[in-house]
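Undergrad: Fold the stuff below for me.
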Amino acid sequence: MRKIMVLVLLLFSLLLSGCKDENKAWKPYSPENTTSLMQQYAYEGNIEQFKTLFLDGMNGDRLLQIYETVRTAENKDGNVTSFGEISTFTLVSLENGKTFLVELTPPIPNKNNEVLIQDVIELPKEIRDYIEEELNRKYNK
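TA: As a prediction, the model looks like this:
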């Protein structure tokens, strides 16, 4: 009888450990995943989940504007478009005024999920100035 109780407890423990909710697909754990969730939540009309992907304190009007922009993306025919490829870019600004757009790979499974540099483009001064101007305007810097 004691062996049966120990066996039942062991099986119950295994069952509970197997039921952990560790499904990272629904959490923003990588740039690609976060962007995919943004697109999915906007497409579904799920603004509450959409909001969870942004930093706390984000201006509500600005967040709603972003939501509507993503949600109503249309193709040439005027139909809502399906989402295509997601690329991850990082801006790198140097003290000398140069700015680079760095394209990163998605995490590579056979390389321990490393994110590697795929390409680097030096941005022209006009584009660099435009990005800085827009960010300053939107975030009152």
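
Undergrad: okay, CA-based contacts and neighbour counts for the rest of this
TA: Will do.

Undergrad: Show me which helix or strand of the protein is least confident by mean pLDDT.
TA: helix 2-18 (a mean of 46; mean pLDDT, DSSP states H and E).

Undergrad: which element follows it toward the C-terminus?
TA: helix 31-44 (DSSP states H and E).

Undergrad: Which strands or helices does that following helix pack on?
TA: Packed against helix 31-44, as judged by 3 or more CA pairs under 8 Å, 6 or more residues apart in numbering; DSSP states H and E, are the following elements: helix 47-51, helix 60-71.

Undergrad: neighbours of Asn136, just the number please.
TA: 11 (other CA atoms under 10 Å).

Undergrad: how close does it get to Leu53?
TA: With distances taken as CA to CA, to the nearest Å, Asn136 is found 22 Å from Leu53.

Undergrad: Then Tyr130?
TA: On the measure of CA to CA, Tyr130 and Leu53 end up 25 Å apart.

Undergrad: And the two? Which one has more around it.
TA: Between Tyr130 and Leu53, counted using other CA under 10 Å, the more crowded position is Leu53 (15 against 11).
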